[in-house]
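Visitor: have a look at this fold, sequence not included:
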């Protein structure tokens, strides 16, 4: 693989003091181990019954994992008392395909649910996923809030203070498409175009809509996953309990999510707390100048023109 890296475009974030270098592989940017993970993931043999939760980083992945897991396991576990989410990081309840492809391949029976997640672009998914007719849920979010959340995530990963990591540099890099699994707009558009060809296979969820009307969107998610809530479940509070369990306030205050380290691979780890920052809409207003807002709005208008998707 060392020879491959020499052929790839690379970029080091100036605002990271040289601590974050990205490589462009198959049209998307990521850290050094991305090509290996993409290649290893190709061995995954998807089944028609599988469900894949897809997203770019910092768009609501943790929330979507928790909700989907709770929905699919609600007959086995009570959301308030026995759910594994009370003691387990959502990323360990629903594995990332690219981070755990070897484990998934070697021990497919270990997966109690046909539920996986991925940040891989649609064009980099295993061929078996494309051919299997498995269901795909895609969550996306206002690009400005994604950028701010991503900036803080990377800044914390490389152990820099806000003062030592100028946001302006992160903004410029993001607008050039240089972010984990970026360009963000290309990641979304690949899945969106695929969903237009096979709408029965895809469910697109907008983070802001999920926050605004959790009940309606969670019911829609459950129906798409093949296990809709019954009238009786709604009456007895099953739906409400799941929404409450998976809320930011609930998950972020659980001891398991305030301590510990998530092993994304054999060599790197991410503190659990970094997956739970604010989960608020409009935080970007505390960071963007008027010029920044104008620039990114123009960029997204150009990229999303004619799609019907709103990212701002």
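Guide: The structure has been received and is ready for your questions. It should be emphasised that the depicted structure is a prediction, and the values quoted were computed from it without experimental measurement.

Visitor: in this protein, where is pLDDT below threshold?
Guide: For the chain, residues meeting the criterion pLDDT under 70 lie at 1-2, 101-112, 264-268, 273, 278-279.

Visitor: do a quick rundown of the strands in it.
Guide: All strands of the chain, identified by DSSP state E, fall at 10-12, 21-25, 28-30, 51-55, 115-118, 135-140, 202-206, 261-263, 269-271.

Visitor: quick one: closest of those strands to residue 223.
Guide: Proximity to residue 223 (C-beta to C-beta) singles out strand 202-206 among the strands of the chain, at 9.1 Å. C-beta here means a position set from N, CA and C on the backbone, and glycine is covered the same way.

Visitor: within the sheet, what are the partner strands of the closest one, with directions?
Guide: With DSSP bridges as the test, strand 202-206 is paired with strand 135-140 (parallel).

Visitor: the strand it pairs with to strand 51-55, inter-axis angle?
Guide: Calculated by axes from the mean of the first three to the mean of the last three C-alpha atoms, to 10 degrees, strand 135-140 forms an angle of 20 degrees with strand 51-55.

Visitor: identify all contacting residues around strand 135-140.
Guide: Contact partners of strand 135-140, identified using C-beta atoms under 8 Å, 6 or more residues apart in numbering, comprise 50-56, 59-61, 63-64, 68, 129, 188, 191-192, 195, 201-207, 210, 221, 224-226, 309, 311.

Visitor: now swap in stretch 282-301 and tell me
Guide: For stretch 282-301, contacts defined as C-beta under 8 Å, 6+ apart pick out 142-145, 147-149, 151, 167, 171, 175, 185, 311-312.

Visitor: circling back to that earlier point, could I get the strands of the chain as TSV with mean neighbour count and distance to residue 289?
Guide: Output for those, formatted as TSV (neighbours: other C-beta atoms under 10 Å; distance: least, C-beta to C-beta, whole Å):
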stretch	mean neighbour count	distance to residue 289
strand 10-12	14	23
strand 21-25	18	25
strand 28-30	24	24
strand 51-55	24	28
strand 115-118	24	34
strand 135-140	23	24
strand 202-206	20	26
strand 261-263	15	34
strand 269-271	14	30
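
Visitor: ok, the contacts of stretch 282-301 vs residue 121, which is closest?
Guide: residue 185 (11.6 Å).

Visitor: how close does the closest one get to residue 148?
Guide: Distance, residue 185 to residue 148, using C-beta to C-beta, to the nearest Å: 17 Å.

Visitor: neighbour count: those two, which is higher?
Guide: Under the criterion of other C-beta atoms under 10 Å, the comparison of residue 185 against residue 148 puts residue 148 first, with 26 against 21.

Visitor: next up, the contacts around the more buried one.
Guide: Contacts of residue 148 (C-beta under 8 Å, 6+ apart): 167, 283, 284, 286, 287.

Visitor: go again with 6 Å.
Guide: Neighbouring residues of residue 148 by C-beta atoms under 6 Å, 6 or more residues apart in numbering: 283, 284, 287.

Visitor: for the closest residue to residue 8 other than its chain neighbours, give the beta-bridge partners.
Guide: Nearest residue to residue 8, sequence neighbours excluded (C-beta to C-beta, 6 or more residues apart in numbering): residue 23, at 4.5 Å. When assigned by DSSP bridges, residue 23 has beta-bridge partners residue 10, residue 30.

Visitor: my guess is residue 23 meets residue 6, correct?
Guide: No. If you go by C-beta atoms under 6 Å, residue 23 and residue 6 don't touch, sitting 10.3 Å apart.

Visitor: and stretch 153-160, how far from the chain's centre?
Guide: 18 Å (C-alpha atoms, centre = their mean, to the nearest Å).

Visitor: on that earlier part again, got CSV for the strands of the chain, with distance to residue 297 too?
Guide: What follows is the strands of the chain, written out as CSV (distance: least, C-beta to C-beta, whole Å):
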stretch, distance to residue 297
strand 10-12, 24
strand 21-25, 25
strand 28-30, 22
strand 51-55, 22
strand 115-118, 29
strand 135-140, 16
strand 202-206, 17
strand 261-263, 34
strand 269-271, 31
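
Visitor: so which of the ones you listed comes closest to residue 88?
Guide: Taking C-beta to C-beta, strand 261-263 is the member of the strands of the chain nearest to residue 88, at 10.8 Å.

Visitor: on that earlier part again, with residue 72 as the reference, name the closest of the strands of the chain.
Guide: Here strand 115-118 is closest among the strands of the chain (C-beta to C-beta), at 6.3 Å.

Visitor: which outside residues touch the closest one?
Guide: The contact list for strand 115-118 (C-beta under 6 Å, 6+ apart) reads 51, 52, 53, 54, 65, 94, 95, 96, 97, 98.

Visitor: contact partners for the second one?
Guide: Read it as residue 52. Here residue 52 is in contact with 116, 136 (C-beta under 6 Å, 6+ apart).

Visitor: run through the bridge partners of it.
Guide: Assigned bridge partners for residue 52, using DSSP bridges, are residue 116, residue 136.
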